[in-house]
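Undergrad: Sharing a sequence plus its predicted fold:
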There are 2 protein chains.
Amino acid sequence: MSLTIVGSVAFDDVETRYGKVIKILGGSASYSGVIASTFTSVNIVAVVGDDFPKEHVEMFKNRGIDTRGLKYADGKTFYWKGVYADDFSTRTTLETQLNVFADFNPEIPPEYAGCDFLFLANIHPALQLKVLDSMKGKPFVGGDTMNLWISTELDLLKKVISRLDLITVNDEEIRQLTGEFNLVKAGLALQAMGPQTVILKKGEHGAILFAKEDMFYVPAFPLDSFKDPTGAGDSFAGGFMGYIASQGKTDTETLRKAMLYGTAGASFTVQDFSLEAIKNLTMEMVDSRFNALKKYITV
Amino acid sequence: MSLTIVGSVAFDDVETRYGKVIKILGGSASYSGVIASTFTSVNIVAVVGDDFPKEHVEMFKNRGIDTRGLKYADGKTFYWKGVYADDFSTRTTLETQLNVFADFNPEIPPEYAGCDFLFLANIHPALQLKVLDSMKGKPFVGGDTMNLWISTELDLLKKVISRLDLITVNDEEIRQLTGEFNLVKAGLALQAMGPQTVILKKGEHGAILFAKEDMFYVPAFPLDSFKDPTGAGDSFAGGFMGYIASQGKTDTETLRKAMLYGTAGASFTVQDFSLEAIKNLTMEMVDSRFNALKKYITV
């Protein structure tokens, strides 16, 4: 089944202990869309400026991504510049230019409106609500958010959350959203706010799945080559949502496997800057890492 | 087979966001010994002062621990006082009194010298070497250390490490010891220094096993009740070493299961202060948690 992704397509400047890159392709819809396209047919909804190179759009298309929802607007593409601490424990945003993203008003092309799986990457909750209202049918909806919206748009965000089937959050976000410090309690509290499936992303420390009366843990894939964590969370979501969309089901066994596929997807992303390590990703590569990951955790 | 543990028995004052306790039983040999005694017969080698209550020794004996190696010396018992940050990311030592531990000179009772499994908890590497030299036969030796010895006694410590079969370290220690930031590379580099088995302890983020051409990951056990992480690493080691001693073997499958038993042991310890949650630990309790942990990671 097809997966529609609404999010950002951006330019990033990124610096880590392993290097520095300028004006590279980034954004939540780019990472999640490219990973998900390894598993299933993907539609993306995003906006770019008139400075956005056609070659990136061609790359999306070459991966079978439907880009009818990718709009060109007058102005410059969303731009983010950040630097990671040497131990990757923190990242500092040096500059953010919303540019055309400031007026992003996602329009769901009629061809996407009946899709069965929808992923709302991190955008303003008002826009997430608008997308939800414009869907036909009852897709399985996954959503992401960030601490900014928890602080500034909590009421709207709670409305979004109440309509999600799945949410991805990190430690800080889930504690802020639920007021629970203990992460097990926080997971259950967030499920009670709406989504039956909660994924707690812990970066290099893996991820926890809270599903209906089920908990499941997956570690990050052990890598001896690693360059840049940017896009890891979106890549995880892309692998997870892409896999369940490809299976057309969301039972416990499928969700557990999706945790491994999300992890496998993210593990490729972080091995290079931008989408360099994933733009030619194949199902064979992902399956190989899925199997290695399974061996890494099986007792 | 029996397991001999050389380490500390101490009084701790501990404060966490969940409470504060004064002059409670602590120390690496206490935690690891009590957990290990759930699996196999345990001998401990440690020193306490004349202020050490007989009731603690009785508790050890009630768990079947051989305390002939636990010596009373004139003076006060080793004392440590610490406080954990609200998010448990750091702990601050407020006071350390070595007391009788300053002159600790571990004597291995002849009855212990032929044991098949030995765990050298974190003590001065010169003492660890002395213990190694006093063993008869060729026990399987696990060892722990700390950043202090890496900074101040690196040459001695390297001699110890070259003679270990297994070492437990945390992120900071393994990076400092090997000079490798990447933890996969660091694990391999530490194996090359001697021990075929390296266990990287990541606290609430689980642990990684590097064994002969094998890597295995286990997460921390998910708990909705948690009070104090003190002793978690020693408890992990106690569960790990206790289990492999009980099986009398160290093949890959046994080491992987031991990772789960170590995790299960530690998960009880952190649910209360001191040894309150483990002093009556049974194999049934540990097995129940082993099975729940296995379900939590099986795909």
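TA: Perfect, thanks for sending it.
Undergrad: so A:Arg256 touches A:Tyr217, yeah?
TA: No - the pair A:Arg256 and A:Tyr217 fails to qualify as a contact (C-beta atoms under 8 Å) at a distance of 9.9 Å. To be clear about C-beta, it is placed using only N, CA and C from the backbone, and glycine gets the same treatment.
Undergrad: Tell me the residues that contact both of the two, please.
TA: In the contact map built from C-beta atoms under 8 Å, 6 or more residues apart in numbering or on different chains, the residues linked to both A:Arg256 and A:Tyr217 are A:Leu209.
Undergrad: Mind checking which of the two has more residues around it?
TA: Counting neighbours by other C-beta atoms under 10 Å in any protein chain shown for A:Arg256 and for A:Tyr217 shows that A:Tyr217 has the greater number, 24 against 18.
Undergrad: So A:Ala29, which state does it fall into?
TA: For A:Ala29, the secondary structure call by DSSP: H, G, I helix; E, B strand; the rest coil comes out as helix.
Undergrad: Check the burial of it by counting its neighbours.
TA: Using other C-beta under 10 Å as the criterion, A:Ala29 is surrounded by 29 other residues.
Undergrad: What parts of chain A come near chain B?
TA: For chain A, the contact set with chain B under C-beta under 8 Å from any C-beta of the partner chain comprises A:17, A:87, A:181-185, A:202, A:205-206, A:208, A:215-219, A:222-226, A:256-257, A:259-260, A:294, A:296-299.
Undergrad: Please spell out the ChimeraX selection for the buried subset of the residues you listed.
TA: The following ChimeraX command selects only the buried members of the residues of chain A next to chain B, with burial defined by 16 or more other C-beta atoms under 10 Å in any protein chain shown:
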select /A:181,182,183,184,185,202,205,206,208,215,216,217,218,219,222,223,226,256,257,259,260,296,297,299
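Undergrad: So which of the residues of chain A next to chain B belong to strands?
TA: Using DSSP state E, the members of these that fall within strands are A:208, A:215-218.
Undergrad: can these go into JSON lines with extra columns for pLDDT?
TA: Shown next, in JSON lines, are those (pLDDT from 0 to 100):
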{"residue": "A:Ile208", "pLDDT": "98"}
{"residue": "A:Met215", "pLDDT": "97"}
{"residue": "A:Phe216", "pLDDT": "98"}
{"residue": "A:Tyr217", "pLDDT": "98"}
{"residue": "A:Val218", "pLDDT": "98"}
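Undergrad: where does A:Ser89 land on pLDDT?
TA: Per-residue pLDDT puts A:Ser89 at 88.
Undergrad: cool, and A:Asp66?
TA: As summarised for this prediction, A:Asp66 has a pLDDT of 98.
Undergrad: gap between it and chain B?
TA: Using C-beta to the nearest C-beta, to the nearest Å, A:Asp66 is found at 31 Å from chain B.
Undergrad: Now that residue: closest residue in space that isn't a chain neighbour?
TA: In space, not counting the residues next to it along the chain, A:Asp66 is nearest to A:Asn43; the distance is 4.3 Å by C-beta to C-beta, 6 or more residues apart in numbering or on different chains.
Undergrad: Where does the one you found sit, in terms of helix or strand?
TA: Secondary structure assignment for A:Asn43, by DSSP states H and E: strand A:42-48.
Undergrad: Please pull up the helix or strand immediately following that strand.
TA: From strand A:42-48, the next helix or strand downstream (DSSP H and E) is helix A:54-62.
Undergrad: which residues touch the residue nearest the centre of chain A?
TA: For chain A, the residue nearest the mean C-alpha position is A:Asp234 (2.5 Å; C-alpha atoms, centre = their mean). Shown in contact with A:Asp234 (C-beta under 8 Å, 6+ apart): A:7, A:28-32, A:35, A:121, A:144.
Undergrad: With pLDDT as added columns, please give those in JSON lines.
TA: Converted to JSON lines, the contacts of A:Asp234 look like this (pLDDT from 0 to 100):
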{"residue": "A:Gly7", "pLDDT": "98"}
{"residue": "A:Ser28", "pLDDT": "98"}
{"residue": "A:Ala29", "pLDDT": "98"}
{"residue": "A:Ser30", "pLDDT": "98"}
{"residue": "A:Tyr31", "pLDDT": "98"}
{"residue": "A:Ser32", "pLDDT": "98"}
{"residue": "A:Ile35", "pLDDT": "98"}
{"residue": "A:Ala121", "pLDDT": "98"}
{"residue": "A:Asp144", "pLDDT": "98"}
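Undergrad: from the ones in strands among the residues of chain A next to chain B, which single one is nearest chain B?
TA: When those are ranked by distance to chain B (C-beta to the nearest C-beta), A:Tyr217 comes first, at 4.3 Å.
Undergrad: pretty sure that closest one contacts A:Gly206?
TA: Yes - shown here, A:Tyr217 and A:Gly206 form a contact pair, counting by C-beta under 8 Å, at 6.4 Å.
Undergrad: and the residue of the stretch 51-200 of chain A nearest chain B?
TA: A:Val184 (4.3 Å).
Undergrad: quick one: contacts for the residue lying closest to that residue once chain neighbours are set aside?
TA: Once its chain neighbours are removed from consideration, A:Val184 has its nearest residue in B:Asp224; the separation is 4.3 Å (C-beta to C-beta, 6+ apart). The contact partners of B:Asp224, by C-beta under 8 Å, 6+ apart, come to A:182, A:184-185.
Undergrad: Just send those residues back as CSV, with pLDDT too.
TA: Conversion of the contacts of B:Asp224 to CSV gives the following (pLDDT from 0 to 100):
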residue, pLDDT
A:Asn182, 95
A:Val184, 96
A:Lys185, 97
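Undergrad: What is the lengthiest helix in chain A packed up against?
TA: When chain A is parsed with DSSP state H, its longest helix is helix A:252-269. Applying 3 or more C-beta pairs under 8 Å, 6 or more residues apart in numbering or on different chains; DSSP states H and E, one finds that helix A:252-269 makes contact with helix A:28-36, strand A:197-201, strand A:207-211, strand A:214-218, helix A:232-247, helix A:283-297.
Undergrad: Quick check: A:Leu166 touching A:Gln191?
TA: No - contact criterion C-beta under 8 Å: A:Leu166 and A:Gln191 do not qualify, at 10.4 Å.
Undergrad: one step back: measure the residue of the stretch 51-200 of chain A closest to chain B to A:Ile297 for me?
TA: Taking C-beta to C-beta, to the nearest Å as the measure, A:Val184 and A:Ile297 are separated by 19 Å.
Undergrad: which residues touch A:Thr96?
TA: Neighbouring residues of A:Thr96 by C-beta under 8 Å, 6+ apart: A:79-81.
Undergrad: from the residues you listed, which single one is nearest A:Asp50?
TA: The shortest approach to A:Asp50 among the contacts of A:Thr96 belongs to A:Tyr79, at 13.8 Å (C-beta to C-beta).
Undergrad: Nothing else from me, thank you.
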